[in-house]
Structures are given as C-alpha cells and as structure tokens.
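Quick one, fold the following:
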Amino acid sequence: MSRPFDKTVRLCKSPSHASQRPKAAVIAHKPPYDTTTPVRILPALRASASAKLRESLFYASPMPLPGWLLIVAVVTLTSLNVSAQPAGSRSDSMDNTKDLATPAVETENRGWEGLARMLDALTPSINTDETPSGTQITDEIEGLINQGRATEALALIDSREAELAASTAPGTDVQLMFQKARALTALDRAEEARGIYQQMTIRFPELAEPWNNLAMLYVRSGSLDQAEFALETAVTNNPDNGNAIANLADVRLLMALRDYREAARMKVPGAARRLKALESFLKDN
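I've put the predicted structure just below:
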C-alpha cells in the first residue's frame, strides 16, 4: 500500500513545544490512571478527625484550655490536608510494564506485511534530553538505524545509556529510548521493543510516536484491535499528526478486510463481493 507511512519525520527539536512544556517537567506527567478519588477522600477523613479532636478539646477537657493552644491544634491538623496532597510527580516504580495486558495474538496474521514494515517510519517530534551534549550521538544512532546497521546502533545506544546512568544530570533521554526500540524492532526483538514503547506510553503519554510504533508491532502480530486503540490514542494526544491519522485509516481497512473474510466464510450475502472489491482496492493503492 502506498500510504504516507514511508515518510520519515525528523523533528527532534520543537521550539514551540519547548516553550509550552519546561524541560524540568519531563517526568511530571499526569498519570494514565485515576488519582482523583483518593485526593477527594483523604481530606474528608482528616477533616472529620480534626472536627472530632477539636470537639474533644472543647468538651472532654477537665478544664478550659488557653485560646492560643486551641488555635495551634487547629492549624496543625488543617496543615495535614495540604501536606498530604500529591506533588504531581510520579514514582519511577510506575514504569514497570509487567502488569500490562498481553495483547491477544490472532492465529492468522491477515494484515499486509508491507503496512507493518512501513509503520516504523516515524521518529519523535520532541527531544527532551536534558543534556544537549548527546545530540551528536543521537544523530549518529539515527543514521545507523536508517542505514540498516541496527546492531551497531544498539551497541552505541547501550554505551550511551551506561554513560547517562553514571551521570548526575536530571531528565530522561526520550529520543534514545525511542531509538533503542526501533533498533530492537529492526533486529526482530519485538517483545523487547514493545516493552520500551509501553514504558514510553506510560511515562510520556502525550507523545504520539511511541503509540504509532506500538501499533506497528500489533499489526505485525495480527492484533489489529490493539493497533487501532494505540493509533486512536496517538490521534487523541496529537490531532495534528497526519501520519497517525492515515495509519489509523489503513488499520481500519485491514480490520474491514478481516471481517469481510469472516463474513464471506459464513456465506453472508454480498460479503464475498465486498471482500473482492476491498482486496482489489488495497492492492491498487
């Protein structure tokens, strides 16, 4: 299929994005899970406890307490509500993807292999690397991957990761994570690549590119429903990402092809004719 999948997008530094999102906040994303309920419940419980304690101070004391002592007690209890609020940052322990649902792999891959290969054309449109000195290394890795030298690229990535691990500089090199997943995909190490993409979708859910390439891996395994969900998320996070929109449309065509094949097998009237027309359309486009 000749879709815009084969267009390589390299927008590693986006000034407009950088102005909207300070570098210091690269890890502090809103988590994809609901944290609002505990935040509502805990202050209510503490307020109730505060009221009861204040009541005991007024009515259970054998003798009146000085007014200043009551004020200190109330202020101290009230301050608990402020100190207990979440700081907005997320623990790195949430990056563990072992609990993620394993995608169901269909017994037959009915997708187009060409589509799956072309889905890996994108690169991140943002570079949140806190250490600008890594730019040259990142460009070199990108060149190796594009030249099909994934083994060399992976070795350079491992070396760079060790260097960053020994450094005290803050932040996470998102570009390096993405490139490692691409290199692993090129080496047919799909499970490892998928694990990295899943980590990125949890830690940096606003980036469309990891969702896009995660969808590519789902297509390769025949999990079209999983691929559709990943691309829908990519489009929701970045409605201006035309490549993700086109990829989503193509995945839905593949889903229609899959369903028409099943309907034709079940002898549904008109299904075989529509299947033939869709197959012809996909082959010609």
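
what's the weakest-modelled helix or strand in the protein?
helix 15-20 (a mean of 38; mean pLDDT, DSSP states H and E).

per the record, what domains does this structure have?
With automatic domain parsing as the criterion, the domains of the chain are listed as 36-83, 107-125+207-285, 127-199.

and the second one, average pLDDT?
Same thing as domain 107-125+207-285. Domain 107-125+207-285 carries an average pLDDT of 84.

repeat for stretch 141-153
92.

residues of that stretch that come out buried?
141, 142, 144, 145, 149, 150, 153 (16 or more other Cβ atoms under 10 Å). (Glycine included, C-beta is placed from N, CA and C.)

and what of stretch 154-164?
Result for stretch 154-164 [16+ other Cβ under 10 Å]: buried residues 154, 156, 157, 160, 164.

Secondary structure added to these, as CSV?
As requested, the buried residues of stretch 154-164 are arranged in CSV below (DSSP: H, G, I helix; E, B strand; the rest coil):
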residue, secondary structure
154, helix
156, helix
157, helix
160, helix
164, helix
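
ok, residue 230 to residue 214 distance?
Residue 230 sits 5 Å away from residue 214, taking Cβ to Cβ, to the nearest Å as the criterion.

and if you look at residue 246?
17 Å.

Those two: who's more crowded?
Neighbours per residue, other Cβ atoms under 10 Å: of residue 246 and residue 214, the larger number sits with residue 214, 27 against 15.

What sits closest to that one if chain neighbours are left out?
residue 197 (4.1 Å; Cβ to Cβ, 6 or more residues apart in numbering).

Helix or strand next in line after the helix or strand containing the one you found, which one?
For residue 197, the host element (DSSP states H and E) is helix 190-203. With elements assigned by DSSP H and E, the helix or strand that comes after helix 190-203 is helix 208-220.

how many degrees apart are that following helix and helix 190-203 in direction?
140 degrees (axes from the mean of the first three to the mean of the last three Cα atoms, to 10 degrees).

by contact count, what packs against helix 208-220?
Judged by 3 or more Cβ pairs under 8 Å, 6 or more residues apart in numbering; DSSP states H and E, helix 208-220 is in contact with helix 113-118, helix 174-186, helix 190-203, helix 224-237, helix 242-265.

Any chance of the ones you listed in TSV with distance to residue 282 as columns?
Compiled in TSV, the helices and strands packed on helix 208-220 are given as follows (distance: least, Cβ to Cβ, whole Å):
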stretch	distance to residue 282
helix 113-118	9
helix 174-186	24
helix 190-203	24
helix 224-237	14
helix 242-265	7
